[in-house]
Structure formats: structure tokens, C-alpha cells
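In: Next input, structure requested:
(2 chains, ligands or ions: 1)
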Amino acid sequence: MFRRSSPWQEKESEVTPQSVYLNRRQIMTGAGALFGLTALGGIAASARETRTLAPLKAMKSDFDPGEELTPESAVTSYNNYYEFGTNKDDPAAEAWRLKVKPWTVKVDGMTDKPGNYALEDIVDYNALEERIYRLRCVEAWSMVIPWLGVPLAPLIRKLAPQSGAKFVRFETLADKSQMPGIRWPVIDWPYVEGLRMDEALNPLAFLAVGLYGKELPNQNGAPVRLVVPWKYGFKSIKSIVRISFTDDMPRTAWMKSAPSEYGFYSNVNPEVDHPRWSQARERRIGEFGRRETLMFNGYGEWVADLYRGMDLQKNY
Amino acid sequence: MPKVPMNVLRFGLKPLAFVAMLLPFLWLAYSWYFAFQGLPNGLGVNPQEASNRFTGDWALRFLLLTLAVTPFSKLIKSPKPILFRRMIGLYALFYAVAHVTSYVWLDLYFAWGDIWADILKRTYITVGMAALLLLIPLGVTSTKGWIRRMGSRRWRKLHMAIYAIAPLAVIHFFMMRKGIQIEPLVYGAIYLALMVPRVKARLVTRRRASPA
Ligand code: HEM
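Out: Predicted coordinates for the structure are as follows:
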């Protein structure tokens, strides 16, 4: 069942010439050319198509921390999305290559309703809500972002996991032809994330299809991404193409890459240090100094119960 | 190779090289001038991270450039490039100090407890610190006076520390990045390429020296 009127089908992409601007990355690669770096980093230049982001209608929700929003320009230009490159400005420069319409999500594993679902069949665009969440990256920076989307729990129920299913596993698209970063073995592609079933059913867990009143820009994980604000940003997997139900704890991409650094839970926790970054403080993008990081990113009232009795030093 | 007269080298090319190698720093200072005021700037929305990385990159580039001078000089069969070596090395130190300053001042704002914890706990920072601590004495003893005082043999020995400092910096870079990333590997490959002729030369002299 396809609803033809979905916003994804409305606008055709338009062709605009690649904008010429000088930013830090270009200055740096220019400098790096000294050492022949650009030869390695170069991908055949082709006409850059930018998608017009359609506005989305959404109800306001109670999820609003009342904090100053991170400017949209920052949210959409400073991204970690390694499928498009490992520098913060790579995704904004490269993600236009991603084709988001049509989009199918494969549902499999321990479910009574496996199959390939059109995005419009799993996200009801007439029932979108806006939620303003803090986003805390493991690299010790944070943002406040107005997402548009639907709560995850009703979708999980609709997808009818079997009683033995204890985890939900998510997978990001991994297509070399659209994602230049995949040429490099940064991690074992595709990107995989997971939640325990009760985490996925928590009212905070959210499936976003937009931000700042419009469709998600590609660099932010278009067309559909997870948002789990009490966990480090990398848990909020982008551009989801597969949702699987399983009784086995999924091995996430980062767990495979560095098991001693990344655990399955990855809850924001100022007391558990990461070997690369102290997690006690964070820089809110736009602020000069650092502020204290809050346990569960300040969402303890919603999620602390999920982890009652667990040793969070061990289950990081 | 065209012959470059000595005075052109000393009074023309050297000051030019000095200014050229200062340019990244000038760009950084210029960008921070705007970043401090919260204005749009070349460092982007997380200027602290950008300036940590920018200075780290340049420190490493100048370290490798220092190592490239001797092979280059041999390649063109002229000792003239050696005239630039000290300046490049000092620039490596300059950018390494700027790097740490960026981190200690602009990023962590003198939160000494956190900084100390970082140095002890975060291995990549421990490694970076080791590189810097080794680099400082090379900078201090880079003058003619020190060469005289130490004697050129001992001075040379000390300055061979650069062979260890550069890979420490590469390891620091590799460890700091998440996953397996290409950039630090490229720098590592450049380091190895620059070391090959040196190791070869050493093996040759050793073979000659040993009665076989
Ligand atoms: C010779 C000495 C050093 C060199 C050549 C060096 C070089 C580098 C390089 C190349 C990077 C990666 C930049 C990038 O991602 O593009 C880096 C990152 C970093 N270095 Fe160093 N480093 C040195 C010493 C230090 C020391 C002593 C410290 C701290 C006390 C330090 C702290 C850091 C930090 C915190 C980062 C991460 C930057 C960020 O993402 O915010 N480094 N360094």
C-alpha cells in the first residue's frame, strides 16, 4: 500500500551547480595536497543535485527542554555520518548523493509481519509530532534539536515482534555508489545499532523523518532515523533500511570496531569515562566553555528504571 | 637543478619560507578573532575542535617535512635545502605548542584536573605528550651555540629523536580517530617512505663495517 500523496513523492529534485565556497575543509585539503592527500581523497566530481526539503506538518509535543535551540545551520553542517566521510563537514558536502525516494525498510527476524515496507507504510506522515531533544555526542559536544517524527513504540507493536524477541537491531544503508565513505574500512559496514526491547518501547524512543519543520536533510540521516536522546548520538542510527527482531544482543558497529570502548547500552553517563574523551563535561555547540554532562543526558526520569539493578560501570 | 646564489637563498627564500609557514597560524588567529565574538568563522560551529585538529595536523606536517629535507637534498645533490631544516623543525615545535595551547586554553580552559586526567588516562594524549616532551629539547638545542657546546656527534644523536617523535605523532593521530581512518595512515605511509632510504643507508654502512 503506497500513499501517493506522501511528501516524498511531491517534489522532484532540482539540479543546482555545486556551490563554490571556501571552508575549513577545503583549506585543509588544499594544504594536505602538499602531501598528495587530495589524490586519495578525490572522488569524480559530478553535478550536485540538492533536494528541496518539503515542509512537514507536526503537532507540538510536551518534549521541550526549554533550552535554546542549536541553529539549523549548525545542525545541518556539523555531522558525524562516516558513510559520507569522517570529517564533520563531509556529510553536508557529500550526502546529496543519497537517493531517499522511494525508500524501503526491510523487517525481518522474530516477527509475525516480516516484509519490505515502504517508508510511508511505517511512518504516518499525518500523525507527526515535534519533539525537542538534547543530543549528546560521545565526542563531548551537544545540541538541542527540534525533530519531527513518530514515537517508536507503536511502530514496534505494529511490526508484531514474537514473544521471544528481546532486541531490535537497526541497519543503515551501505551503498558504495551513493556513499563515498564506504570505500574506506573505517568500520565493518553496514552500520548496525540496537536497543533492548524495553528501551525500544520506552516513550522517549523516537523515529525522526524531519527537523526544523522540514524533511530530514540527507546528512542528518534522511529519510528516517532513530533518536534515543538518553544515549550517545551514535546510537541514534541514520537512514534505516532494516529493522530486525532477535533474541541475541546485536553486535553494533562500534562494538565490533572497539569492544573495550563501546558497549551495547552507551547511555550518556558522566561517571563512566571513554578512553578517548572524558564524559564529565560537554560543549554545547554555540557556547564557548563546557557544561556539566547530565546522567542519561537529563532524561533519567524517563529511563532510569530501565537500568535499575544494573552495574552501569560494567554495562556501558 | 638551477643554481641558486647563496644570498638569494639566505635573504630571499628563507624569509619567504618563514612567512609561508606562518600562514596557517595567521589564518587560525584570524578565524579565532571572529570565533571569539561568536561571528561566523572558518573554524565552523565547534571552533575548539577545529583548532585542536588544525594545529595538530600542521605540527605533524612540519615534522614530516623536516624529515623530508635530507632525502630531498640528496635527491637534488645539493646541501642547500639543509639551510631550511632548522626553521621547519622549529615550526613543527611551534605548531605542537599551539596545538597544546589550543587544547589547554581554548578547549578545556585550564581545567587542570581534567587535563591531567586526560594525559594519564587517554592513551592517545599520553602518546601526544610523549611526542611533545621529546620535541622540546630538540627545539631548545637547535641553535649554533648548542651544537658547539654539545659537539656535533652528541647533538646529532640527540636529534635522531625526531625519528621516534614523528611516528609517535602518527600513532597519536591514529588512536584519536574513531575506527580505521585513512588520513593518519597516509601520514604513517609518508613517514615510512621517508625512513626507507635512511634504514637502507644504515644497513649498507653496517655491512661494510662488519668483517664478512
Ligand atoms: C608533537 C606533538 C603532537 C603532534 C604532532 C600532534 C598531532 C595531532 C594530530 C595530527 C591530531 C589529529 C588532528 C586531526 O584529527 O585532524 C591531534 C589531535 C589531538 N591532539 Fe595532538 N599532537 C601532539 C601533541 C599533543 C599533546 C601534547 C596533546 C595534549 C596534551 C594533544 C592533544 C590532542 C587532542 C585533544 C586531539 C584531538 C583534537 C580534537 O578532536 O579536539 N596532542 N594531534
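In: Determine whether any part of the lengthiest strand in chain A lies close to the ligand.
Out: Ranked by residue count under DSSP state E, the longest strand found in chain A is strand A:141-151. No: Strand A:141-151 lies out of reach of the ligand by C-beta under 6 Å from any ligand atom, never closer than 9.5 Å. All C-beta spots, glycine's among them, are computed from the backbone N, C-alpha and C.
In: Could you tell me which strands sit next to that strand in the sheet, and their orientation?
Out: When sheet partners are counted by DSSP bridges, strand A:141-151 sits next to strand A:129-136 (antiparallel), strand A:206-211 (antiparallel), strand A:281-284 (parallel).
In: Including distance to A:Ala95 and mean pLDDT, could those strands go into JSON lines?
Out: What follows is the strands paired with strand A:141-151, written out as JSON lines (distance: least, C-beta to C-beta, whole Å; pLDDT from 0 to 100):
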{"stretch": "strand A:129-136", "distance to A:Ala95": "18", "mean pLDDT": "98"}
{"stretch": "strand A:206-211", "distance to A:Ala95": "14", "mean pLDDT": "98"}
{"stretch": "strand A:281-284", "distance to A:Ala95": "24", "mean pLDDT": "96"}
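In: Pick the most deeply packed of these.
Out: Counting by mean count of other C-beta atoms under 10 Å in any protein chain shown, strand A:206-211 has the highest mean neighbour count of those, with a mean of 25.
In: pLDDT at residue 183, what is it?
Out: Using chain A here. What the model reports as pLDDT for A:Arg183 is 93.
In: try again with chain B
Out: For B:Glu183, pLDDT reads 96.
In: do A:Ala33 as well
Out: 41.
In: again, but for B:Ala201
Out: 89.
In: Kindly report the same for the one 4 residues further on.
Out: Here the pLDDT value assigned to B:Thr205 is 83.
In: And it, how far from chain A?
Out: Using C-beta to the nearest C-beta, to the nearest Å, one gets 29 Å for the distance from B:Thr205 to chain A.
In: can you tell me which residues contact A:Thr293?
Out: Residues in contact with A:Thr293 (C-beta atoms under 8 Å, 6 or more residues apart in numbering or on different chains) are A:Arg136, A:Ala140, A:Ser142, A:Val268, A:Pro270, A:Gln279, A:Ala280, A:Arg281, A:Glu282.
In: Make JSON lines from those and add distance to A:Tyr212 to it.
Out: Listed next are those as JSON lines, based on distance: C-beta to C-beta, whole Å:
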{"residue": "A:Arg136", "distance to A:Tyr212": "19"}
{"residue": "A:Ala140", "distance to A:Tyr212": "24"}
{"residue": "A:Ser142", "distance to A:Tyr212": "17"}
{"residue": "A:Val268", "distance to A:Tyr212": "23"}
{"residue": "A:Pro270", "distance to A:Tyr212": "28"}
{"residue": "A:Gln279", "distance to A:Tyr212": "28"}
{"residue": "A:Ala280", "distance to A:Tyr212": "30"}
{"residue": "A:Arg281", "distance to A:Tyr212": "27"}
{"residue": "A:Glu282", "distance to A:Tyr212": "22"}
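In: Minimum distance to the ligand, which residue of the stretch 1-150 of chain A gives it?
Out: The nearest approach of the stretch 1-150 of chain A to the ligand comes at A:Glu139, 7.1 Å away (C-beta to the nearest ligand atom).
In: Where does the prediction get shaky in chain B?
Out: Applying pLDDT under 70 to chain B flags residues B:1-2, B:210-212.
In: got the residues of it near chain A?
Out: B:24, B:27, B:38, B:42-46, B:48-50, B:54, B:57-58, B:61, B:64, B:108-109, B:111, B:114, B:117-118, B:121-124, B:175-183, B:186-187, B:190 (C-beta under 8 Å from any C-beta of the partner chain).
In: A:Glu287 - how many residues pack around it?
Out: Neighbourhood size, A:Glu287 [other C-beta atoms under 10 Å in any protein chain shown]: 13.
In: Which residues of chain B lie near the ligand?
Out: B:49, B:52-53, B:56-57, B:59-60, B:63, B:96, B:99-100, B:103, B:119, B:125, B:128-129, B:131-132, B:135, B:169, B:172-173, B:176.
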